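Undergrad: Based on what follows, work out the 3D shape:
(one chain, ligands or ions: 1)
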Amino acid sequence: MRLEDRVAIVTGGARGIGRAICERLAEECALVAVVDLDLEGARDTSDRLRAMGRSSVAIRADVTRRAEVDVMVQAVVDAFGRIDVLVNNAGWDRMELFLDSQEETWEKILAINLKSVLYTCHAVLPHMIGRGYGKVVNIGSDAARVGSTGEAVYSAAKGGVIAFSKTLAREMARYRVNVNVVCPGPANTPLFQEIAAQNEKLAASLEKAIPFRRLAEPSDIANAVAFLASDEASYITGQTLSVSGGLTMA
Ligand SMILES: NC(=O)c1ccc[n+]([C@@H]2O[C@H](COP(=O)([O-])OP(=O)(O)OC[C@H]3O[C@@H](n4cnc5c(N)ncnc54)[C@H](O)[C@@H]3O)[C@@H](O)[C@H]2O)c1
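TA: Now for the predicted structure:
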């Protein structure tokens, strides 16, 4: 098992890609703290992990609020004694052309997709540095790498995550803490379905454009995260890996 007894925090673990990441890490024997705004969903994920025979806690936290992040991180340390893996997966977007969008929406997109990553990293990294061990995997988006009409501010936020992760990887290497980014292509999740509900042709046109002719399943993304969270990836840092069925190649 690649993550035997590793303690992992997964943000946005109540559904979609985050839930699949929690399940995949637990399959590799990690102890997972499932963090989400949606406590009921987080508990449901946590129950699934316990049914697999793994220890897990569900914690409600809004990762856009530093004080809630600090309380959450302390709760994980209290529950498990350490933090080995941090997966920053919580994210959100609303598709609209930039010139139609409002500043209030920009603030929300930047807070959830970018600032939350700064908060969790700032709170968790001292625990990893102290032990000279850690794996941070940030969930970006191919929107940041190749652009995506209707996702300008989201692309900026995810591009920020990629740039932040590269510099953080340099600063953290001396402590044997790895920092990498996984960029999903279009993935079949509740968030995608909410966006696709406003554009009935979106899924079909993407399936045509994706060389593998299907959307990503959450498990496709989770497999890449589990690898980067494991010691098999110990010499990989500052990298951005697209999991997009060939839609993007960079
Ligand atoms: N689905 C896609 O096509 C796709 C493509 C590229 C990147 N991504 C990225 O993958 C990640 C997961 O996306 P998904 O499609 O599974 O989304 P989702 O909406 O299905 O799940 C996201 C989870 O994050 C939680 N969350 C949102 N804001 C939060 C906050 N402030 N604090 C704590 N939890 C919060 C939600 O409650 C939800 O459970 C996101 O970072 C997203 O940007 C998704």
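Undergrad: Counting by contacts, list what the lowest-mean-pLDDT helix or strand in the chain packs against.
TA: One helix or strand of the chain scores below all others by mean pLDDT, DSSP states H and E: helix 190-196, with a mean of 91. Counting contacts by 3 or more C-beta pairs under 8 Å, 6 or more residues apart in numbering; DSSP states H and E, helix 190-196 packs against helix 202-209. For glycine as for every other residue, the C-beta is placed from the backbone atoms N, C-alpha and C.
Undergrad: Report the buried residues of the helix it packs on.
TA: Buried residues in helix 202-209, counting neighbours by 16 or more other C-beta atoms under 10 Å, are found at 202-203, 206.
Undergrad: ok, now stretch 56-64?
TA: Quick answer for stretch 56-64 (16+ other C-beta under 10 Å): 56-64.
Undergrad: Quick one: mean pLDDT over that stretch.
TA: What stretch 56-64 shows for mean pLDDT is 98.
Undergrad: Just the endpoints, please. Distance across it?
TA: 23 Å (C-alpha to C-alpha, to the nearest Å).
Undergrad: Let me know whether it sits next to the ligand.
TA: Yes - part of stretch 56-64 sits near the ligand under the criterion C-beta under 6 Å from any ligand atom, namely 62-64.
Undergrad: Can you lay out the residues you listed as JSON lines showing secondary structure?
TA: Listed next are the residues of stretch 56-64 next to the ligand as JSON lines, based on DSSP: H, G, I helix; E, B strand; the rest coil:
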{"residue": "Asp62", "secondary structure": "coil"}
{"residue": "Val63", "secondary structure": "coil"}
{"residue": "Thr64", "secondary structure": "coil"}
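Undergrad: between those residues, which is nearest Ala229?
TA: Val63 (18.3 Å; C-beta to C-beta).
Undergrad: what's the closest non-adjacent residue to the closest one?
TA: Ser116 (3.8 Å; C-beta to C-beta, 6 or more residues apart in numbering).
Undergrad: I'd say the one you found and Arg66 touch.
TA: No - using C-beta atoms under 8 Å, Ser116 is not in contact with Arg66; the gap is 9.4 Å.
Undergrad: quick one on the thing from earlier: tell me the one among the residues of stretch 56-64 next to the ligand nearest to Asp220.
TA: So of these, ranked by how close each gets to Asp220 (C-beta to C-beta), first place is Val63, at 23.6 Å.
Undergrad: residues in contact with the closest one?
TA: For Val63, the contact set (C-beta atoms under 8 Å, 6 or more residues apart in numbering) comprises 11-12, 35, 69, 88, 90, 112, 116, 119-120.
Undergrad: Just say helix, strand or coil for the spatially closest residue to Gly245 that is not a sequence neighbour.
TA: Nearest non-adjacent residue to Gly245, counting by C-beta to C-beta, 6+ apart: Phe212, 3.5 Å away. At Phe212, secondary structure determined by three-state DSSP is coil.
Undergrad: picking up where we left off before, okay, the least confident helix or strand of the chain in CSV with CA atoms only?
TA: The C-alpha coordinates for helix 190-196 follow below in CSV (Å, rounded to 0.1, in the frame of the first residue of the first chain):
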residue,chain,number,x,y,z
PRO,A,190,-21.7,17.7,-9.8
LEU,A,191,-19.9,21.0,-10.6
PHE,A,192,-19.6,20.1,-14.3
GLN,A,193,-23.2,19.0,-14.4
GLU,A,194,-24.3,22.3,-12.9
ILE,A,195,-22.3,24.2,-15.6
ALA,A,196,-23.5,21.9,-18.4
